[in-house]
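Enquirer: After the sequence you'll find the predicted model.
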Amino acid sequence: MRSPAAVYKRPPWRVRRLARWSLSFVAALWVALVLQLAFKFVTGESADLVEGIVSNAVMVAASLLCAWRAVAGGEERGGWALLAVALGFSAVGDIYYSIAFFGLDEVPVPSPADVAYLAFYPLAYIGLVSILRARLPRLDPLLRVDGLIGALAFAALGGAVVFQAVAATSEGSSVAVAVNLAYPIGDLILLSLVVGTFVGTGKASVRTWAWLGGGIALTGLADAIYLYAAARWGYVNGALLDALWPAGSLLIAVAAWRAPVKVVEARREGWRTIALPLAFASLALAIGLYDHFERLHFLPLLLATAAVLAVFIRLVLTFAENARMLSHSRVEAKTDPLTGLGNRRQLTLDLSESLARIDERPALALALYDLDGFKQYNDTFGHPAGDVLLARLGKRLAEAVAGSGTAYRMGGDEFCVLAEADGDGVLSVVERAALVLSERGRGFELGVSYGVVLLPSEALSGSEALRLADQRMYRRKYARSGSVRHQTTEVLLQALSESRPDLGAHPKAVAALAEATARQLGLSEEETESVRLAGALHDIGKMAVPEEILSKGGSLDEREREFIRRHPVIGERIIGVAPALRNVAKLVRSSHERVDGAGYPDGLRGEEIPLGARIIAACDAFEVMVSGRVYRVGRTTEEARDELRRCAGCYFDAQVVEALCAVLGTDESLVASGSAEHEGAVRRASRP
């Protein structure tokens, strides 16, 4: 995640622009130095003077830019201040060396320049680690060990090459030898720190670490090449290598003014997890093997041995992490993440284990629970609120059955309890669980349906017990829901009858036709029941329509039509107050839509209209045609059938019309069921 502001407060844009110009100027000086070293535009003693001045200018400027960055503040203030001082010491050492030893064939060791040069290392280490801690606050322990392996192996390689050569050629006093050896040791630590960081963090820190790590690495590499060359064949000033020290300082200054990326967590997966540790372990083993052919100094051998030991530590940590991950994955596989209860897999395992030892322990009771009204809760308050509710209910259920049973979440809005069936005590556990799974609040009411199975008297296997409990739960659910729906429907029909006595048996007639047609079309029992109730209540919204509009014999004006078009919406509002009838309310809203899209209130077309609403529309039209109204004489059954077929595909769904006509042809009692007297009276009144 890139978040520069989270690492430090960025300076004003004018300051940043000035810093970029300064960096560009310093980079131009460095390019001029490279060109001078490569092509020697200035020769003789003047060349050494010019090259020394430009090189020192670049290093001093880099130190000042790092100090300026430290003044800008932020979490990395201390790290950049230390790096600025470290670069400053290195520049001071170079300046002193250029002035004090200019033109000398032999340079004394040690000298004040060595003090300044060596002061660079501890300050650079501490500053570098400080910045790394700010940018990489979290690092996987395995990656830390990977970095250690890489650092030790690289240090062993550098020790075998550079330190070996310096140690073999160092002469003079013990102090001089110690100073000469301090340089390769300091560079090995510096380069190992950089390599270890890259190995340990990988791609996660490339963007934030490349410039800074590259500058540090370039400085250490220049020292290592210089020391090796000086030890083997002597070093001559004025080579291109002289440009590497200021280049390293310049890269560090560039890193200071780049917006860093704070790496939240660095991890590697797959073969990359072991590729680098194996490669560096192989390098360490190769160094040990090389020692059998040509003796090496004890330091690289010690470092190589430490790298191999770090690989063993890495193996132990890898095994421990894999064991922890395996244990965690096993727990996760058997735990519901939302509630923390056991899931279906855990229940299956517990059932199998309990049934295997059923002769040694009391009988068991399995209770399966399903929340009534949870879908409406989700639709009303949203899924996040539903998740919070499930988590709360799961916690309450676990507390309610603690000590007497175990709670599980089966998924969705289903829970389960497995308890010992010790007489009447199991009934109290089951009922207590049902009680805590019920909840009521503003705008919602959550009930619960459940089914209970006794083991092993009613089932001998876990799958059989779950199937039986599921059947009993849904039987109770439908019975409870049907009772509530029936009572609510009767109340609404009675209110409609009192408000609109002229409708007579029309609602029940439409309900009977709609139910038979739904069965003819193969709808499920639950869908058929919803269609029947919607057929009975499809005119409930007419209670809000003035009587003079409903009984008007002539055509309606626009205002009156608007009243009529609103009654399905009003009906939906009235019915939808009852949670058990919300599906019915949706069918009532769409019961006056037309297949060609010319219906109301929403202008739905074709299959956009719910099938149940299309059934009610055809049944309602048929019943009205055969029963008639005060302003229209009723038709015969055959005439009404022909009219339905004529309007199929335009007003009505053709498939629904054929199903309705098939029902009418097989059951004559459904023709205007419940309103035969009304049809006969209308027909008699129409005779001459």
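Expert: Looks like it came in fine. The structure displayed is predicted, hence computed values, not measured ones. Numbers count the residues shown, from 1 in each chain.
Enquirer: can you give me the strands for the stretch 251-400 of the chain?
Expert: Applying DSSP state E, counting those that start in this stretch to the stretch 251-400 of the chain gives strands spanning 364-372.
Enquirer: Quick one: low-confidence residue ranges for it.
Expert: Scanning the stretch 251-400 of the chain for pLDDT under 70 picks out the ranges 260-273, 360-361.
Enquirer: again, 50 this time
Expert: Flagging of the stretch 251-400 of the chain using pLDDT under 50 yields an empty set of residue ranges.
Enquirer: Check the gap between G248 and A224 for me.
Expert: With distances defined as C-beta to C-beta, to the nearest Å, the gap from G248 to A224 amounts to 12 Å. C-beta here means a position set from N, CA and C on the backbone, and glycine is covered the same way.
Enquirer: These two - which one has more neighbours?
Expert: Relative neighbour count places G248 above the other of G248 and A224, with 24 against 21, counting by other C-beta atoms under 10 Å.
Enquirer: give me every residue that touches A86.
Expert: By C-beta atoms under 8 Å, 6 or more residues apart in numbering, A86 lies in contact with 119-121, 123-124, 127.
Enquirer: which SSE is it in?
Expert: In the assignment (DSSP states H and E), A86 maps to helix 77-100.
Enquirer: quick one: buried residues of that helix?
Expert: Using 16 or more other C-beta atoms under 10 Å as the burial criterion, the residues of helix 77-100 that qualify are 77, 79-98.
Enquirer: buried set for the helix or strand following that helix?
Expert: On the C-terminal side of helix 77-100, the nearest following helix or strand under DSSP H and E is helix 112-135. Of the residues in helix 112-135, those with enough neighbours to count as buried (16+ other C-beta under 10 Å) are 113-114, 116-121, 123-125, 127-128, 130-132, 134-135.
Enquirer: so S627 makes contact with H506?
Expert: Yes: using C-beta atoms under 8 Å, S627 is in contact with H506, at 6.6 Å.
Enquirer: And F101, what's its pLDDT?
Expert: At F101, the predicted lDDT confidence score is 79.
Enquirer: same deal with T201?
Expert: The predicted local confidence for T201 comes out at a pLDDT of 67.
Enquirer: and the residue nearest to F652 when sequence neighbours are not counted, what does it touch?
Expert: Leaving aside its sequence neighbours, F652 sits nearest to A618 (C-beta to C-beta, 6 or more residues apart in numbering; 4.6 Å). Applying C-beta under 8 Å, 6+ apart, one finds that A618 lies in contact with 517, 644, 652-653, 656-657, 660.
Enquirer: Which of these sits closest to F312?
Expert: For those, the closest approach to F312 (C-beta to C-beta) belongs to D653, at 76.4 Å.
Enquirer: Would you confirm that that closest one contacts R614?
Expert: Yes: D653 sits in contact with R614 when judged by C-beta under 8 Å, with a separation of 4.2 Å.
Enquirer: low pLDDT regions in this protein?
Expert: Residue ranges of the chain with pLDDT under 50: 1-8, 631, 672-688.
Enquirer: what about the longest strand in it?
Expert: In terms of residue count, the longest strand belonging to the chain (DSSP state E) is strand 444-455.
Enquirer: Any buried residues in that strand, and which?
Expert: For strand 444-455, the buried set under the neighbour-count rule, 16+ other C-beta under 10 Å, comprises 444, 446-453, 455.
Enquirer: Taking the residues you listed, tell me the two that lie furthest apart.
Expert: Taking C-beta to C-beta as the measure, these reach their widest spread between F444 and L455, a distance of 34.8 Å.
Enquirer: Number of residues surrounding R232?
Expert: Neighbour count for R232, taken as other C-beta under 10 Å: 12.
Enquirer: Ok, A279 next?
Expert: For A279, the neighbour count with other C-beta under 10 Å is 13.
Enquirer: Determine the residues that are contacts of both of G248 and A224.
Expert: Shared contacts of G248 and A224, counting by C-beta under 8 Å, 6+ apart, come down to nothing at all.
Enquirer: Do a quick rundown of the helices in the stretch 501-650 of the chain.
Expert: Remark: helices assigned in the stretch 501-650 of the chain by DSSP state H, counting those that start in this stretch are 506-520, 525-537, 547-550, 558-576, 582-589, 611-627, 637-647.
Enquirer: Of all these, which one is nearest A28?
Expert: Nearest to A28 among those is helix 582-589 (75.0 Å), distances taken as C-beta to C-beta.
Enquirer: Now name the helix or strand holding the closest residue in space to Y183 that isn't next to it in sequence.
Expert: For Y183, ignoring the flanking residues on the chain, the nearest one in space by C-beta to C-beta, 6+ apart is L227 at 5.6 Å. Of the helices and strands defined by DSSP H and E, L227 is found in helix 206-232.
Enquirer: which secondary structure elements does that helix contact?
Expert: helix 112-135, helix 164-169, helix 174-201, helix 244-256 (3 or more C-beta pairs under 8 Å, 6 or more residues apart in numbering; DSSP states H and E).
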